[in-house]
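**Q** the sequence and its predicted three-dimensional model are supplied below.
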Amino acid sequence: MINSYAGLDDAGVAIAAARAGADVVRNMYGQRLTRIDKGAGDFATAADVEAEKAILGVIRSARPHDAVLGEEGGQQGAAEAVRQWLVDPLCGTLNYAVGNMLVAVNVALRDGAATVADPFSGEVFFTDGETAWVRHDGADVQLSPTSVTQLVDVNLDPPFPSAPGFRAVDLLANPGFVERFRPRVVSTTLALAWVAAGKRAAYVTDGGDLSASVHFAAGIALCQAAGCVATGIDGAPIGQAGHGLVVAADAETHGLLMSMIGSRS
């Protein structure tokens, strides 16, 4: 059998893998799905598991020697491998489980190519690590961040490791925020792709080092390649010393959000 993925570059592999996962997510939508309890109110569904299998099938065919860290399957291959894929097969599981289509499929090669696929719009956001694009209806358009919408997605999901110094909910009550921006809460890192694409002005979340997170790595890579301004909520560079994310379409928006966060902490 001919391996149709072997000749793809890394961006092509990320796109093919994310699309395979997105096909599963879309096809299983609306079914009564078994829930797999993870504790602390978190769970996966059969769609998460099957989508990850489809993604891994592509990666294994194209890059059989690479390591993979999957949201559902965990670490496969050496954790310290130079080439490691980070896979979140269904970001927004709770949305999906209750019939909400705001979900994403995230596939990223650590420090390399990455893809965020929207299973329902058909948009595939991707980067080769240098530039960022969206593919829709067979056409590729380079991503162009802009803050013109003034819409800011704020992640309100626990845990809140930076509290009480920073609480995302407090940002929403900041008079300056209310005057300048309009909050949105979608509970999926599809919102990061929207910042890169100019559909959102910014995205804010608490957390630790999210650069190697299966949930965030693909979205961060997209935003950085598109030219967004991205730091931790403390202003530190994204990485091992970072805490959470403030990703904005431009420096002005990033600076305003940082000043509001700083005034609280």
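**A** Received, thanks. Residues are numbered from 1 along each chain as shown.

**Q** would you tell me which strand is longest in the chain?
**A** When the chain is parsed with DSSP state E, its longest strand is strand 84-91.

**Q** just checking, residue 16 touches residue 5?
**A** Yes. Using CB atoms under 8 Å, residue 16 and residue 5 qualify as a contacting pair, with a distance of 5.9 Å. The C-beta positions use only the backbone N, C-alpha and C, and glycine is treated the same way.

**Q** give me the common contacts of these two.
**A** Residues touching both residue 16 and residue 5 (CB atoms under 8 Å, 6 or more residues apart in numbering): 58, 62.

**Q** returning to what we had before: how far does the longest strand of the chain sit from the chain's center?
**A** How far strand 84-91 lies from its chain's middle: 9 Å, per CA atoms, centre = their mean, to the nearest Å.

**Q** let me know the average pLDDT across the very next helix or strand once past that strand.
**A** Per DSSP states H and E, strand 84-91 leads on to helix 93-97 as the next helix or strand towards the C-terminus. For helix 93-97, the mean pLDDT works out to 94.

**Q** again, but for stretch 160-168
**A** The model assigns stretch 160-168 a mean pLDDT of 88.

**Q** contacts for that stretch next, please.
**A** Contacts with stretch 160-168, where a contact means CB under 8 Å, 6+ apart, come from 154-156, 204-208, 233, 243-244, 261, 264-265.

**Q** check the gap between residue 124 and residue 207 for me.
**A** 25 Å (CB to CB, to the nearest Å).

**Q** ok, now residue 155?
**A** From residue 155 over to residue 207 (counting by CB to CB), the distance is 8 Å.

**Q** the more surrounded of residue 16 and residue 5?
**A** More neighbours surround residue 16 than the other of residue 16 and residue 5, with 21 against 18 (other CB atoms under 10 Å).

**Q** now the helices for this protein?
**A** 10-28, 46-62, 93-97, 168-173, 175-180, 190-197, 217-226, 251-264 (DSSP state H).

**Q** what residues does the helix or strand of the chain with the lowest mean pLDDT touch?
**A** Lowest on mean pLDDT, DSSP states H and E among the helices and strands of the chain sits strand 35-39, with a mean of 83. For strand 35-39, the external contacting residues (CB under 8 Å, 6+ apart) are 43, 44, 45, 46, 48, 49, 97.

**Q** hmm, try it at 6 Å
**A** 43, 44, 45 (CB atoms under 6 Å, 6 or more residues apart in numbering).

**Q** next, the angle from it to helix 46-62.
**A** If you take axes from the mean of the first three to the mean of the last three CA atoms, to 10 degrees, strand 35-39 sits at 90 degrees to helix 46-62.

**Q** partner strands of strand 35-39, with direction?
**A** Using DSSP bridges, the strands paired with strand 35-39 are strand 42-45 (antiparallel).

**Q** what's the end-to-end length of stretch 196-212?
**A** Between the opening and closing residues of stretch 196-212 lies a distance of 19 Å (CA to CA, to the nearest Å).

**Q** tell me the buried residues in that stretch?
**A** Within stretch 196-212, the residues scored as buried using 16 or more other CB atoms under 10 Å are 196-207, 209-212.

**Q** for stretch 209-218, what is the average pLDDT?
**A** 94.

**Q** list the contacts of it.
**A** By CB under 6 Å, 6+ apart, stretch 209-218 touches 71, 86-88, 91, 106, 108, 114, 116, 189, 238-240, 242, 245.
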